[in-house]
Every structure is written in structure tokens, then in C-alpha cells.
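Enquirer: What follows is a predicted structure for the sequence shown.
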Amino acid sequence: MEIHELSLIGQLNQLKEGSLSSTELTQHYLDRISNFDEGINSFITVTADLALKQAKESDKRYKSNSALPLDGIPIAHKDIFCTENILTTCGSKMLSNFKAPYSSTVVNNLSADGVVILGKTNMDEFAMGSSNETSYFGPVKNPWNKEYVPGGSSGGSAACVSAQLASAATATDTGGSIRQPAALCGLTGIKPTYGRVSRYGMIAFASSLDQGGVLARSAEDSALLLASMSGHDPKDSTSLNEKVPNFLKNINSPIKGMKIGLPKEFFERDLPKHVESSTKEAIKTFKDLGAEIHEISLPNVDLSLPVYYIIAPAECSANLSRYDGVRYGYRCENPKDIEDLYMRTREEGFGPEVKRRILIGTYTLSAGYYDAYYLKAQKCRRLVANDFNEAFKSVDVILSPTTPDTSFKSGEKSNDPIEMYLQDIFTIPANLAGLPGISFPSGHHEGLPLGVQLVGNSLKEAELLQATHQFQKVTDWHKKLPEVK
Amino acid sequence: MALSDKELNEIAYLARININEDSFPSLKGELEKILDLFEKLNLAETSKVEAMSHPLNLSQPTRPDEVTEEDQREKLQETAPSVKSGLFLVPKVIEGEN
């Protein structure tokens, strides 16, 4: 087995044993990136020199028996996480020249545990998209079939892990941006409870929904990274002051008696046969593992999509007002006055999807429309969240497909925003309620991966990881890797 | 829901985004479709529901009133498009002076 085929935990064990050095592993990934990434476009910036320097330091720590928990593991950061003195673009022309003056807490936490940073991954512009086609730095291709999209917005993170160009990657999820690409690229992706991972230095899109997380090849690998990223951060006022449990502690415990709910509203949808059968197969596997399956109802869940597309653009229109061409980022040429500076900087610096969302958000927040749209959406958000509260009185986790189908071809949905928005129909509800969700591989159709999602109650990431790990012990969908050429 | 050119102009100005008039028809079409998506919410009974602005019932945390951030003016201005004597430069905003 080649070293890039090993799991992250497998690599860590070899590093500990001394049969592999971080320099060797890092160089191996850097070689793979230069050989294969041109056709995938998963990286915006490759930090080869930094990576090799960090790898060398890590090797020294192994030699002096002072190794850190994730020492020497090469990972990639989504380009939404600020990295000090390293280009941090958020996939936008607006920040195409922006070298962050400080690092995000997520980056600092992982670095403190010894990871090696291979680079920054491509993404939909400002995390707005579900196909990674809105990036200023060009679309990302799905390693399983380059005519298809990897999903988004964390498409670069998903594609690079799937193509084994990094051991794992950080990602963010506002409406499904970790779980949807995980499903489309055959990976395990977890979005923790809102507030579990600090948003400090994570470029804001919709602040009441944004949450950092992980894209990796298994639940075990995800657990290890998530533990490192999580924790209270006084620099983020929405960071949860809760103890982070050891996510690996109970991962090996059987899930006998775990109650899994199937929302009838999701299963009543007209799903393609292959999605239905792979989901049913996953349910059967959980049943065989001793879980109890219950039908549940989330009566207001159909409101999620319109609620999301009012709230997220409203918050984005406020957050993105900071890009004015004055303090950092892009500035238009020869502005004739201050108004012209703002208007043209934002015209030229933002792409079409970002502009659409800013305009929608500005409209729904404007005088005369606020109550009808924004306030109404906030009330409906409460209805969706209440449904989950009710459901978790009788079940432990909620299962559904992650996406309505396997990946789609590049360009197929990019002309119709609504078609694209429907990609996130199963993932958005968890963001609205602030709940943790995980997606993991559950099958293949015509050479493309499919995923299943589990949503847990607040702070129950450990349960999601445990259920997924138990599933992965008896299935091998997560072990299937695309042939990268 | 139909948007007029005037409304689109107003929103674009509020958002401080210049929009080329040639793209008005297609953009209006897209925005109208998105606004139509919102109609569904009118079916939900919400007269007794409290608005939810946030997933957590948070109170704003406070911290001791101590200086924790050092002055990084120069470093933070390194990424600015135009700076002089520690100030961000923009086109003239005060009328009547040369």
C-alpha cells in the first residue's frame, strides 16, 4: 500500500513507529499535488516551503520524543481560514491579493497539534455555491470523474482529500458545504454543533449559520482532527464554553439500542432509485448493528430552503459590506470619487452569485420588506428548530440521504440558481437549528459516490462519529478511492 | 414577484454595487425566481412564534477590561490598497478644497 492510501491514523502510527518521516510524507504529497492537481484545481496556493519546514521540525520532535498529537500529518486548509502571511482569498477576486495579517483559531489549534500545512484549497466564492464553479480561481473537478463537480462550497478540500493529495482538510458548512462535497467525493465530512469550532479568522458568510469542520476519509480520522479544532475561544463571542469530549473514546462501542429516526418528509420525496436503494441499504446495516429504526416527522422542514435563502443572504449582505476597497483587498482603477470607488470595486471584485445574494439580502432587509421576509424567516427558522427538538425526544440521531443525487456535470446547474440551491435540501435544516451533522459514503452509482447523513442533537458529535465508525467497520464504501491520473 | 428597474437600481445602490444596465433583464429574472421561492413561507402560521436570530441562546460574554491586542497598525495596513502616514487614502470626500 502506498503511503497516500493509508488512513490518517495509519500514517500517524507509522510516524510514531519511525517507519515513516513527516518529510517523506510531506514531499510525497507535494509531488502528487504537482503531478495531479493541474487537472483537478483543488489548490489555490501550495505552501511547499512552509510544509517542508514544518515537516522537518516535526521529525525533530519525533526524534526527541516530544511529538504532538497530530505531529507531521500534512493537511490542507480551505481558503476561507486566515493564515498569517499566506494568501487567503476566499475564492474571490476581492481577496485575490490578501495575505492575512493573522491566523484563524482553527489554523492555530491544528498547528499547535503539529500538522503540516500543504496549502489553501479552492472553494466557491465566499463559500456561496454547491458545485465549486463560482471560484475566481476556476472550477474544481471531481476526482471520480473530471466532467463532474466535486460539490461545494468546500469543493477544493473535498477534491484534494479524495484524490489523496492531502491526509485531510479543513472545511466550513453554512448550508451543507462540508456534507454535500463529502457525499459527492466519497468522503466523511462532519459539521459540528454551531459554536463548537471557533469562527475567529474564518471569513464570515452568514454568521448565525457558518461552522468549521473536517473533510477526511473516515470517521476515525475526522474525530482526531475535530478534537484538535474544537474548543472555547474567547475571540469568538458565539464560541461554546463547553468541554470538548474525547471523540475517539466511545467510537468503538457498539450502537446496539441507538434510536435512528427517518423523517417521513424526506423519504416521501421523489428520490432517484439508486439514492433510495443505497439509503435503504445503509438503514439495514444500522439495523444489523443493533440500532432501532423509527419513522419521525419534521412537519416544517420544507420551509428550510426559503428560510435559508432569506437568512443567509441577509447576513451575507451585512458581512460583505466590509469589502469596500479601502482597508484591504481589491480596489478598482482610477476611482473618480468615493462612491465610484465603492460601486466599481464591488462590481469588479465580486462574482455573479455573490452579487445575487448581496442584492437579495439587501432587498429583504430594506425598509418595508423586513417584516415580510427577514422576520418571517426567523420565525419559520424557529419552527424548523422546534421540530428537531421534538424529534430528539424520541430518537438519538436522524438519518437521510445527504444529497438528492450523485454529482452532476460541470455547467449543468450553473445557469439556474434555484436548481443549484436544491442541492442542499437535506443539509440546510441542521444549520438552521445549529445541530451537528455528518455525511459518509454509502454507495456508488455509475462510478460516482453517494452519501448518507446523520444529524445529531446539540453537542452530540461523539454519537455521530461513533455511529459512522461502526458503519464503516462493516462496510467498505469509505475505502474506495478514485484512480488519479 | 416582479421587480421594477427602479427597485433594482435602489437595491444596487444600497448595496453599493454598480450594475450594468444591459444585465438588468437577466438579473431581474434570477432575483424574481429567488423571491418566488420565499412565497412558501406565507403558508406557515407564525403569529405566536418568537423570531430565532441565532441557534444558541447566548448572552454576550464579558471579559476583564485588559489590553490583550497590541498595536499592529503598520502590519494591518500592509494589505491596504493605498496608505500614507498611517492613514488609508481614498478619493477626496470633502468638497471645496484643493
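Expert: Yep, it's here.
Enquirer: got a list of what the closest residue to chain B within the stretch 351-485 of chain A touches?
Expert: Per Cβ to the nearest Cβ, A:G434 is where the stretch 351-485 of chain A lies closest to chain B, at 2.4 Å. (Each C-beta comes from the backbone N, C-alpha and C, glycine too.) By Cβ atoms under 8 Å, 6 or more residues apart in numbering or on different chains, the contact list for A:G434 reads A:T193, A:Y194, A:G195, A:A385, A:S458, B:H54, B:P55, B:L56.
Enquirer: So what does the nearest residue to A:F81 once chain neighbours are set aside look like in phi/psi?
Expert: Nearest non-adjacent residue to A:F81, counting by Cβ to Cβ, 6 or more residues apart in numbering or on different chains: A:S104, 4.5 Å away. The phi and psi values for A:S104, taken as degrees, to the nearest 10, are phi -70, psi 160.
Enquirer: Wait, A:S104 touches A:C82, no?
Expert: Yes: between A:S104 and A:C82 there is a contact at 4.7 Å, judged by Cβ atoms under 8 Å.
Enquirer: circling back to that earlier point, so the residue nearest to A:F81 versus A:L365, what's the distance?
Expert: 27 Å (Cβ to Cβ, to the nearest Å).
Enquirer: and the two? which has more neighbours close in?
Expert: A:S104 (29 against 18; other Cβ atoms under 10 Å in any protein chain shown).
Enquirer: where does the more buried one land on pLDDT?
Expert: Predicted confidence (pLDDT) for A:S104: 98.
Enquirer: so what's residue 73 up against?
Expert: Using chain A. A:L8, A:Q11, A:L12, A:L15, A:S22, A:L25, A:G114, A:V115, A:V116, A:S167, A:A168.
Enquirer: ah, no, chain B please
Expert: Contacts of B:R73 by Cβ under 8 Å, 6+ apart are B:G86.
Enquirer: Please apply the same query to the one 10 residues further on.
Expert: Residues near B:V83 by Cβ under 8 Å, 6+ apart: B:Q77, B:L89.
Enquirer: ditto for A:A76
Expert: Residues in contact with A:A76 (Cβ under 8 Å, 6+ apart) are A:42-43, A:117-121, A:156-157, A:160-161, A:165-166, A:169-170.
Enquirer: Now with 6 Å, please.
Expert: A:L118, A:G119, A:T121, A:C160, A:A166, A:A169 (Cβ atoms under 6 Å, 6 or more residues apart in numbering or on different chains).
Enquirer: before we move on, the earlier item: same list (the contacts of A:G434) but as CSV, adding distance to A:E292, pLDDT and secondary structure.
Expert: Shown next, in CSV, are the contacts of A:G434 (distance: Cβ to Cβ, whole Å; pLDDT from 0 to 100; DSSP: H, G, I helix; E, B strand; the rest coil):
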residue, distance to A:E292, pLDDT, secondary structure
A:T193, 24, 98, coil
A:Y194, 28, 97, coil
A:G195, 30, 96, coil
A:A385, 24, 98, helix
A:S458, 21, 96, coil
B:H54, 33, 87, coil
B:P55, 28, 88, coil
B:L56, 30, 82, coil
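Enquirer: farthest pair in those residues?
Expert: Farthest-apart pair in these is A:G195 and A:A385; separation 14.4 Å (Cβ to Cβ).
Enquirer: neighbour-wise, which of these two wins?
Expert: A:G195 (25 against 18).
Enquirer: hang on, that one packs against A:L240?
Expert: Yes: counting by Cβ atoms under 6 Å, A:G195 does reach A:L240; the two are 3.7 Å apart.
Enquirer: is it true that A:K191 touches A:Q211?
Expert: Yes: A:K191 lies in contact with A:Q211 (Cβ under 6 Å); the separation is 5.4 Å.
Enquirer: residues near the closest residue to chain B within the stretch 101-250 of chain A, how many?
Expert: Nearest to chain B, among the residues of the stretch 101-250 of chain A, is A:Y194, at 4.5 Å (Cβ to the nearest Cβ). A:Y194 has 26 neighbours, counted by other Cβ under 10 Å.
Enquirer: State which helix of chain B is the longest.
Expert: Criterion DSSP state H: the longest helix present in chain B is helix B:24-37.
Enquirer: and that one, how far from the chain's centre?
Expert: 19 Å (Cα atoms, centre = their mean, to the nearest Å).
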